[in-house]
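Undergrad: my questions are about this predicted structure, shown below with the sequence.
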Amino acid sequence: MDEEYDVIVLGTGLKECILSGLLSVDGLKVLHMDRNDYYGGESTSLNLTQLWKRFRGSGTPPEQLGSSRDYNVDMIPKFMMANGALVRVLIHTDVTKYLNFKAVDGSFVYNKGKIHKVPATDVEALKSPLMGLFEKRRARKFFIYVQDYEENDPKSHEGLDLNKVTARDVISKYGLDDDTVDFIGHALALHIDDSYLDKPAMDFVKRVKLYAESLARFQGGSPYIYPLYGLGELPQAFARLSAVYGGTYMLSKPECKLLAWIAFALFPVLLLVVYHVKVEFDKEGKAYGVTSEGETAKCKKVVCDPSYLPNKVKKVGKVARAICIMSHPIPNTNDAHSVQVILPQKQLGRKSDMYLFCCSYSHNVAPKGKFIAFVTTEAETENPEVELKPGIELLGPVDEIFFDTYDRYEPSNKGAVDNCFISTSYDATTHFESTVQDVIAMYSQITGK
């Protein structure tokens, strides 16, 4: 361990594993360590026994729930945009060869007490019960504008400079009513609140365009895809990538508390699991290495999740979630075996959106006939179980339900100053766009690219 590395990565959460893989591909010398004896950090996947132990403490799961090993319950469940940034990263790095994906059946939005399919094209807008006849025509014109918009083709701009005009200005040009704006802004553009309305419209239009392009990519019922066996495969796939490009996961360290072999196809990797990790700083406050079990590995930069450097992060919120095991799909979603339902903030009288995520045996995350549903939101009160009630009521009968909350942190330091690059905690969204934005921003800060 007495070597020098370009980057030491602490934690095997998804963000850290993606960065480890990308930095290794760039030719940097990477050492990757974790204090836990399992992969994935906060974004790990659990079987039924592990899930029961984590939330119930003792006892055994009821037999009617099926075999424990047939469950792969993601603790941070998120779908991927089929044409989104994460998929482009997967293709660029060739990580797709380690994973199998399947399209997600449905994308829905909650409006006026009912669940509706999200219309994302001019044709779907004309069929949608979300809007009246005249509103459908206005929405159709807006969707055509978005579909035809090309940043480098002024003819497609219709006189609007999207870097200057706000999203509100674009919406007002097409005369869309508040309910239409609600589902376009939150269920298509995937904004988590309404602050986007007063920002330049370029990002808003690009997000709606991405949704439509992702929907068209597989011509399914939604723009999302999800790995078979859940997201637990993703961190491991990027770890394999890092190992292939010389990332150090194999360490012969006799004092180490645990050495765990992880079988990675043709590339077996020895993951160093350490229980006492300390980031070392020089007199100027710059990180220069990581000490574990009395040995120090030197480095130029440290990448980690918030738990490794708690004095360099600040709390910015709390996520509340309910994890449910069911024997049926979410009602009113066309019997979809995998689905996202977004409940916009205004529909619930809240400051932030609520999200329903459902996956099932069709993605190999549960035994046949079983469905895993999550209800998540940003906690706004001290009683999150009550806050989650509107989403839970949409699920119908549940076999088991587990409640959980976790604090959200973001870095308060400047990586350029102290050489520490810290990821933000996972938010309540059930899609990957905000997660990937954080990874890309960190990658740019670390590499200057």
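TA: Perfect, thanks for sending it. These figures come from a predicted structure and were not determined experimentally.

Undergrad: gap between Asn83 and Leu99?
TA: Distance of Asn83 to Leu99, computed by CB to CB, to the nearest Å: 17 Å. Heads up, the C-betas are built off the backbone N, CA and C, glycines and all.

Undergrad: the two - which one has more neighbours?
TA: Comparing Asn83 with Leu99 by other CB atoms under 10 Å, the one with more neighbours is Asn83, at 19 against 15.

Undergrad: give me the element that one is part of.
TA: Assignment of secondary structure by DSSP states H and E places Asn83 within no helix or strand.

Undergrad: now it. Nearest residue, chain neighbours left out?
TA: Leaving aside its chain neighbours, Asn83 sits nearest to Ser214 (4.2 Å; criterion: CB to CB, 6 or more residues apart in numbering).

Undergrad: secondary structure class for that neighbour?
TA: helix (DSSP: H, G, I helix; E, B strand; the rest coil).

Undergrad: low pLDDT regions in the chain?
TA: Residues of the chain that meet the criterion pLDDT under 70 lie in 1-2, 36-39, 120-122, 220, 246-276.

Undergrad: same for the longest strand seen in it, what does it pack against?
TA: Looking across the chain with DSSP state E, the single longest strand is strand 313-326. Counting contacts by 3 or more CB pairs under 8 Å, 6 or more residues apart in numbering; DSSP states H and E, strand 313-326 is packed against strand 371-378, helix 384-387, helix 389-393, strand 400-411.

Undergrad: next, format the ones you listed as CSV and append mean neighbour count and distance to Ala428.
TA: CSV is the format used below for those (neighbours: other CB atoms under 10 Å; distance: least, CB to CB, whole Å):
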stretch, mean neighbour count, distance to Ala428
strand 371-378, 26, 4
helix 384-387, 16, 11
helix 389-393, 16, 11
strand 400-411, 16, 9
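
Undergrad: nearest to Tyr361, of these?
TA: The closest of the helices and strands packed on strand 313-326 to Tyr361 is strand 371-378. By CB to CB, the value is 7.9 Å.

Undergrad: hang on, isn't His328 packed against Gly396?
TA: Yes - assessed by CB atoms under 8 Å, His328 is found in contact with Gly396 at 6.3 Å.

Undergrad: which ones are touching Tyr409?
TA: For Tyr409, the residues meeting the contact criterion (CB atoms under 8 Å, 6 or more residues apart in numbering) are 306, 313-316, 424-425.

Undergrad: emit the ChimeraX select command for whichever of those are buried.
TA: Buried residues within the contacts of Tyr409, by 16 or more other CB atoms under 10 Å, are selected in ChimeraX with:
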select :306,313,424,425
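
Undergrad: would you format the contacts of Tyr409 as TSV with distance to Val25 included?
TA: Converted to TSV, the contacts of Tyr409 look like this (distance: CB to CB, whole Å):
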residue	distance to Val25
Pro306	25
Val313	28
Lys314	32
Lys315	33
Val316	31
Thr424	23
Ser425	26
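
Undergrad: give the single residue among the contacts of Tyr409 positioned nearest to Asn332.
TA: Nearest to Asn332, judged by CB to CB, of the contacts of Tyr409 is Ser425 at 31.9 Å.

Undergrad: ok so that closest one is a helix residue?
TA: No - assessed with three-state DSSP, Ser425 is coil; it does not lie in a helix.

Undergrad: ok, what's across the strand from the residue lying closest to it once chain neighbours are set aside?
TA: For Ser425, ignoring the flanking residues on the chain, the nearest one in space by CB to CB, 6+ apart is Arg408 at 4.1 Å. Beta-bridge partners for Arg408, by DSSP bridges, are Gly317.

Undergrad: residues contacting Arg408?
TA: With contact set as CB under 8 Å, 6+ apart, Arg408 has these partners: 315-319, 424-427.

Undergrad: so which of those residues comes closest to Pro344?
TA: Asp427 (15.7 Å).

Undergrad: what about the closest residue to that closest one other than its chain neighbours, distance to Pro329?
TA: Of all residues not flanking Asp427 in the chain, Ser434 sits nearest, at 5.6 Å (CB to CB, 6+ apart). To Pro329, Ser434 is 26 Å away according to CB to CB.

Undergrad: more neighbours, the two?
TA: Comparing Ser434 with Pro329 by other CB under 10 Å, the one with more neighbours is Pro329, at 22 against 16.

Undergrad: could you pull out the helices in this structure for me?
TA: Ranges of helices within the chain are 14-25, 48-56, 85-92, 122-127, 133-148, 167-174, 178-183, 201-218, 233-244, 345-348, 384-387, 389-393, 415-418, 433-447, based on DSSP state H.

Undergrad: please name every helix or strand in contact with the first one.
TA: Counting contacts by 3+ CB pairs under 8 Å, 6+ apart, the secondary-structure elements packed against helix 14-25 are strand 4-10, strand 30-33, helix 233-244, strand 295-304, helix 433-447.

Undergrad: between it and helix 433-447, how big is the angle?
TA: 40 degrees (axes from the mean of the first three to the mean of the last three CA atoms, to 10 degrees).

Undergrad: may I have the phi/psi pair for the residue lying farthest from the centre of the chain?
TA: Distance from the C-alpha centroid of the chain peaks at Lys283, with 37.1 Å (CA atoms, centre = their mean). Main-chain torsions, Lys283, degrees, to the nearest 10: phi -60, psi -20.

Undergrad: Lys78 now?
TA: For Lys78, the backbone dihedrals are phi -150, psi 130 (criterion: degrees, to the nearest 10).
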